[in-house]
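Got a predicted model here, sequence first, then my questions.
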Amino acid sequence: MRLPNSLNRRALKKCFPKVGGATWDYLFDYEKHNGLYELRVPGPGKYPFYSTVGVTKWLANKGYYTPADFSDLPRTTNPWSGLASRTHALV
């Protein structure tokens, strides 16, 4: 799976399912105390975005994942790389 350089909260929950939804909510509520806040990056809109590389390292340091879990994740600079689009023609 290719991940963009930054992800919003909903995308983090979906991309890292080992951490449950309730746990993610707790982590986001206390992000200033657990170090997640420092991983924020500018993003479109009013919702917070987080550095993907920083979050993967943070998850490994906190013990939610192992570094080996992230060894096969290629990075891309295209923020739209994970999205699929289809073209439909009206006949």
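Looks like it arrived, so ask away. Numbers count the residues shown, from 1 in each chain.

from here on, contacts and neighbour counts on C-alpha atoms
Fine.

residue ranges for the helices of this structure, please.
Listed in chain order, the helices of the chain (DSSP state H) span residues 9-15, 21-29, 31-34, 52-62.

Of these, flag the one that's most buried.
Ranked by mean neighbour count, these are led by helix 52-62 with a mean of 16 (mean count of other Cα atoms under 10 Å).

per-residue confidence averaged over that one?
In this model, helix 52-62 has an average pLDDT of 90.

And stretch 21-34, by the same measure?
Per-residue scores along stretch 21-34 average to 94.

Quick check: pLDDT value at the residue nearest to the spatial centre of the chain.
Closest residue to the average C-alpha location of the chain: Leu12 at 3.5 Å, with Cα atoms, centre = their mean. pLDDT, Leu12: 92.

if I look at the closest residue in space to Gly20 that isn't next to it in sequence, how far off is Leu27?
In space, and not counting its chain neighbours, Gly20 is closest to Lys13: 7.6 Å by Cα to Cα, 6 or more residues apart in numbering. To Leu27, Lys13 is 11 Å away according to Cα to Cα, to the nearest Å.

re earlier: for the residue nearest to Gly20, what are its contacts?
Val19, Gly20, Gly21, Trp24 (Cα atoms under 8 Å, 6 or more residues apart in numbering).

again, but for Leu27
Listed by Cα under 8 Å, 6+ apart, the contact partners of Leu27 are Asn34, Leu36.

measure Trp50 to Leu3 for me?
Trp isn't right for residue 50; it's Tyr. Using Cα to Cα, Tyr50 is found at 12 Å from Leu3.
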